[in-house]
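1. Just to be clear, the model below is a prediction. Sequence and coordinates:
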Amino acid sequence: MTSHVHMIIGSSGSKLEDIMRDMKRHTSTMLRSIIQNNPIESRKEWMLWMMERAGAKNSNNEKFQLWQQDNHPVILFNHKILHQKLDYIHNNPVETGFVEKPEDYLYSSARDYYDLPGLLDILLVDPLVV
């Protein structure tokens, strides 16, 4: 999505809040560098200004902020809820009008479920047995 990310993550070791903190730190630093070093990005100055402005408003940041401080976690306590959320994530780009079918959205794991190449390696969720 253009303004937010949906993820299903889990851990058998690290705390999820630590995973999210580290993911946000890494991706914001990488994206800021990519934006700064892109010679043809027409919105570069505006995006960097927005990130610096957001960072200045939040004392938890040193210089810039890309991600919101909070998350909206949902505990997926059974297989049915897991599949409900996975279906929601996969259908979000369809409902928004970006694509006609979930597997057409390049940035979605739905592609992996249709044996199409995805951008990241993922673990597929076992099918829901009804």
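-> Perfect, thanks for sending it.
2. outside of stretch 42-62, which residues touch it?
-> 28, 32, 35, 36, 38, 41, 63, 64, 65, 66, 69 (CB atoms under 8 Å, 6 or more residues apart in numbering). All C-beta atoms are positioned from the backbone trio N, CA, C, and that covers glycine.
3. In terms of distance to residue 4, which of those residues ranks first?
-> residue 66 (12.0 Å; CB to CB).
4. Test my guess that that closest one contacts residue 30.
-> No: if you go by CB atoms under 8 Å, residue 66 and residue 30 don't touch, sitting 9.9 Å apart.
5. More neighbours: these two, which one.
-> residue 66 (19 against 11; other CB atoms under 10 Å).
6. does the closest residue to the more buried one other than its chain neighbours count as helix, strand or coil?
-> In space, and not counting its chain neighbours, residue 66 is closest to residue 28: 3.8 Å by CB to CB, 6 or more residues apart in numbering. State at residue 28, reduced to three classes by DSSP: H, G, I helix; E, B strand; the rest coil: helix.
7. Spit out the contact partners of residue 28.
-> So residue 28 contacts 51, 64, 65, 66, 67 (CB under 8 Å, 6+ apart).
8. What score does the residue nearest to the spatial centre of the chain have for pLDDT?
-> The centroid of the chain falls nearest to residue 5 when counting by CA atoms, centre = their mean (3.1 Å). In the prediction, the pLDDT value recorded for residue 5 is 88.
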